[in-house]
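Visitor: here are the coordinates; sequence isn't available:
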């Protein structure tokens, strides 16, 4: 199913929030990737809003950032 324009905007905002938190914690994509056993390029695509991550993927990233998933939506 194609992603709507509104959904693309929401994914971009989610990615920007993740990137902001990661940078505030002083982590590079590589460091976060190592923490969660994910490819840095994959995390970058999430931060850019290029992919729609699963709930479990977001949970893993949040664990790596030491935040609650609810922090992404506040």
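Guide: In hand now; what should we look at? These figures come from a predicted structure and were not determined experimentally. Residues are numbered from 1 along each chain as shown.

Visitor: so which strand or helix has the nearest residue to residue 68 once chain neighbours are set aside?
Guide: Counting by C-beta to C-beta, 6 or more residues apart in numbering, residue 62 is the residue found nearest to residue 68 once chain neighbours are left out, at 6.5 Å. Yep, even glycine has a C-beta here, placed from its N, CA and C like the rest. Using DSSP states H and E, residue 62 falls within helix 55-65.

Visitor: name the helices or strands packed onto that helix?
Guide: The contact analysis (3 or more C-beta pairs under 8 Å, 6 or more residues apart in numbering; DSSP states H and E) places helix 55-65 against helix 5-24, helix 29-36, helix 40-47.

Visitor: Redo the ones you listed as CSV? Include mean neighbour count.
Guide: Below are the helices and strands packed on helix 55-65 laid out as CSV (neighbours: other C-beta atoms under 10 Å):
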stretch, mean neighbour count
helix 5-24, 14
helix 29-36, 16
helix 40-47, 17
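
Visitor: okay if I get those helices as CSV plus mean pLDDT and distance to residue 73?
Guide: Shown next, in CSV, are the helices and strands packed on helix 55-65 (pLDDT from 0 to 100; distance: least, C-beta to C-beta, whole Å):
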stretch, mean pLDDT, distance to residue 73
helix 5-24, 97, 8
helix 29-36, 98, 19
helix 40-47, 98, 15
